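**Student:** just to be clear, the model below is a prediction. Sequence and coordinates:
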Amino acid sequence: MRRLLSTAALALCAFPLTATAGDISVSTSVDLVSDYVFRGVSLADTAIQPGVEVSKGDFTVGAWFSTGFGNTSIVAGDELDLYASYSVPLSDRFSTDVGVTYYHYPQGGSLFETEGGGAGSYEVFASLGFDTVLAPSVSAYYDFTLEAFTLEGGISHSLPVADKTSLDLSGSAGLVDGDGFSYEYGLASASLGYGFTDNVSAYVGGNFSINSEDALNFRDILEGEGDDTLLWFGAGIAAGF
């Protein structure tokens with residue numbers, strides 16, 4: 001997710017498949033992205049991003065990992081996110097999620113006070129979802145380490161195009177206000193998904209991101225000047241067991 005979250009951030013996720021053992025459900029996914037974009041900022045070049053999520057009733061815990069590969073991977077570093085959330089159904093059409101995420105960077109990071117052994121950041125979040133046309137949602141996040149508040153809104157829609165195949169469209173926009181920095185961002189995504197079985201699916205998709213502070217395209221950022229727009233791609237597979 002990213003997960004619930006983040007994530008990503010985040011990047012497109014494969015179908016949210018789950019398999020249930022009793023009242024416990026488990027879902028797994030692996031994504032490959034051409035640029036790792038999180039809330040309008042490029043954090044790595046090409047990256048592979050596996051994740052696992054376990055739910056029991058309305059409570060969910062998960063882990064998500066991103067690692068770059070290629071000649072920029074040593075600069076980008078790795079990321080491990082651990083998160084927990086609780087979902088509260090407010091009515092037949094409204095639901096909310098509250099939770100916490102720990103972002104861990106094993107190699108450290110310039111945004112954090114680092115004293116060896118990597119760096120980390122804690123964030124709390126709350127989101128409100130509406131079960132209506134375009135499934136609108138609004139989410140708020142606060143990162144205690146960066147002292148950053150994020151407000152994000154999104155919409156999504158899925159269109160069946162063939163047996164076991166769907167075209168999934170989504171869009172989101174947000175603003176970030178942190179300690180010494182602020183920016184606005186947006187994302188439009190389209191992906192084609194295919195369900196092999198009830199528990200296994202895959203997707204390929206494209207994404208278009210914008211950022212008010214030219215913080216996109218990781219390769220250009222390394223050269224000293226990022227971009228305000230970026231077209232990037234993703235593919236992934238998800239499975240429940």
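**Tutor:** Sure thing, it's come through. Numbering: from 1, shown residues only.

**Student:** low-confidence ranges, this protein, go.
**Tutor:** Filtered on pLDDT under 70, the chain yields the residue ranges 1-22, 108-118.

**Student:** and with 80 instead?
**Tutor:** In the predicted model, the chain carries pLDDT under 80 at residues 1-22, 107-118.

**Student:** and the helices in it?
**Tutor:** Applying DSSP state H to the chain gives helices spanning 73-76, 218-222.

**Student:** just the buried positions in the last one, please.
**Tutor:** Across helix 218-222, burial judged by 16 or more other Cβ atoms under 10 Å covers 218, 219, 221. Where you see a C-beta, it was placed from the backbone N, CA and C, and this is true even at glycine.

**Student:** any chance of the helices of the chain in CSV, with distance to residue 82 too?
**Tutor:** As requested, these are exported to CSV (distance: least, Cβ to Cβ, whole Å):
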stretch, distance to residue 82
helix 73-76, 20
helix 218-222, 24
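
**Student:** now the buried residues of helix 218-222 in JSON lines, with distance to residue 46?
**Tutor:** What follows is the buried residues of helix 218-222, written out as JSON lines (distance: Cβ to Cβ, whole Å):
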{"residue": "218", "distance to residue 46": "9"}
{"residue": "219", "distance to residue 46": "10"}
{"residue": "221", "distance to residue 46": "14"}
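
**Student:** check those residues against residue 236 and report the nearest one.
**Tutor:** Lowest distance from residue 236 to the buried residues of helix 218-222 (Cβ to Cβ) belongs to residue 218, with 19.2 Å.

**Student:** so that closest one sits right up against residue 35, yeah?
**Tutor:** Yes - here residue 218 lies in contact with residue 35, judged by Cβ atoms under 8 Å, at a distance of 5.8 Å.

**Student:** between these two, what contacts are shared?
**Tutor:** By Cβ atoms under 8 Å, 6 or more residues apart in numbering, residue 218 and residue 35 have these common neighbours: 42, 44, 45.

**Student:** neighbours around the nearest residue to residue 107 once chain neighbours are set aside, how many?
**Tutor:** Residue nearest to residue 107 in three dimensions, not counting chain neighbours: residue 77, with 4.1 Å by Cβ to Cβ, 6 or more residues apart in numbering. Residue 77 is flanked by 18 other residues according to other Cβ atoms under 10 Å.

**Student:** I'm done for today, thanks for sticking with me.
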